[in-house]
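# Pasting a predicted model and its sequence here:
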Amino acid sequence: MSPPRPRPDAVPDLRRPAVEVAPDLLGCILRTPDAAVRIVEVEAYEGATDPASHAFRGPTRRNAVMFGPAGVLYVYQLHGHSCCNVICRDAGVAGGVLLRAGEVVDGLDAVRSRRPGVPDARLARGPGNLCRALGIGPAHNGTDLAGPLVRLEPGPPPDAVAAGPRVNVAGAAARPWRFWVPASPAVSAYKRHAAARDLP
DNA sequence: CAAATGATGACCT
DNA sequence: GGTCATCATTTGG
C-alpha cells in the first residue's frame, strides 16, 4: 500500500518528521507578496539523529528556529546566499525541509527583475536562487508560513516523485532524503536521475 | 581574536 | 568533470 498523497486543498501536516513532510511539500506553493513558486525539489534534515543537519550538535544562535514550532521559515546564509527551510515537528525537536527548487507560477516580472538575464526555467533552481527569486532573505528567519511575508499554500500533488541522495552532504547515500518532481524543468538535469529511485 | 567551515553558484576546461 | 569567490557562523587558542 503506497503512502497517502496530501489532499490538493490542504497543506501537509508539518508536525511530522521532516522525512515524511518533505515529499508532501512537492507541488505546494510558496508565496511572497509579489511572487510565488511551485515547489519541485526538497531535502529533509532531522535533528540529533542527522549528522548533516545544522541542528545535529544542538541549538545555536543560527539554528534556534529549527528547535521552535513547525510552520515557520528557517533562513540561513551560506557563501553569501540565503537558503530556506520549512520547519517541522513540535517545539523542542529539530527538523526542517530545505526548499531546493521551484517553478515560478506568479509574479514572473518581479522574479525576472530580481534575477536579470536568467532563463525562466532556472529562475528558482537551487536553494540560493529560489530565495533570491522570491525575495527571501535574513529578515525572513522565523517568520510564520501563514503570515503576510511568506505563505505556504496547497497545490495539486505531482504525478510522480523521485528520491535520491542529498546534495553536497557527506555520507549522503546512506539517507536518500532528497525528493523531486522528475518532470519539472526547474530541477537540474543531472540531479534528475542521479542515483534516483521512484518513490513507492 | 584567528581560523576553519560549508545544506552555493557561476564559470572554466 | 573541476575551481573559486564569498561571508556569517562556529569553534578553537
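Everything's here; your move.
# Would you map the helices across chain A?
Listed in chain order, the helices of chain A (DSSP state H) span residues A:18-25, A:108-114, A:127-134, A:189-193.
# now the third one: mean pLDDT?
Confidence over helix A:127-134, taken as the mean pLDDT, stands at 98.
# Give me the contact status of it with DNA strand C.
No. Applying CB under 7 Å from any atom of the strand, one finds helix A:127-134 separated from DNA strand C by no less than 10.0 Å. Yep, even glycine has a C-beta here, placed from its N, CA and C like the rest.
# Pull the contacting residues for residue A:36.
Residues near residue A:36 by CB atoms under 8 Å, 6 or more residues apart in numbering: A:29-30, A:104-107, A:134, A:153.
# And the closest residue to residue A:32 other than its chain neighbours, how far from DNA strand B?
With CB to CB, 6 or more residues apart in numbering as the criterion, residue A:32 has its nearest non-adjacent residue at 4.6 Å, and that residue is residue A:134. From residue A:134 over to DNA strand B the distance is 12 Å, taken as CB to the nearest atom of the strand, to the nearest Å.
# Around residue A:134, how many other residues sit close by?
29 (other CB atoms under 10 Å).
# Residue numbers of chain A in contact with DNA strand B?
A:43, A:45, A:52-55, A:66, A:74, A:78-81, A:83, A:85, A:96, A:98, A:118, A:126-130, A:166-169.
# where exactly do the strands run in chain A?
A:29-32, A:35-45, A:73-78, A:81-87, A:96-106, A:151-153, A:162-164, A:178-180, A:197-198 (DSSP state E).
# Of all these, which one is nearest residue A:19?
Among these, the nearest to residue A:19 by CB to CB is strand A:35-45 (4.4 Å).
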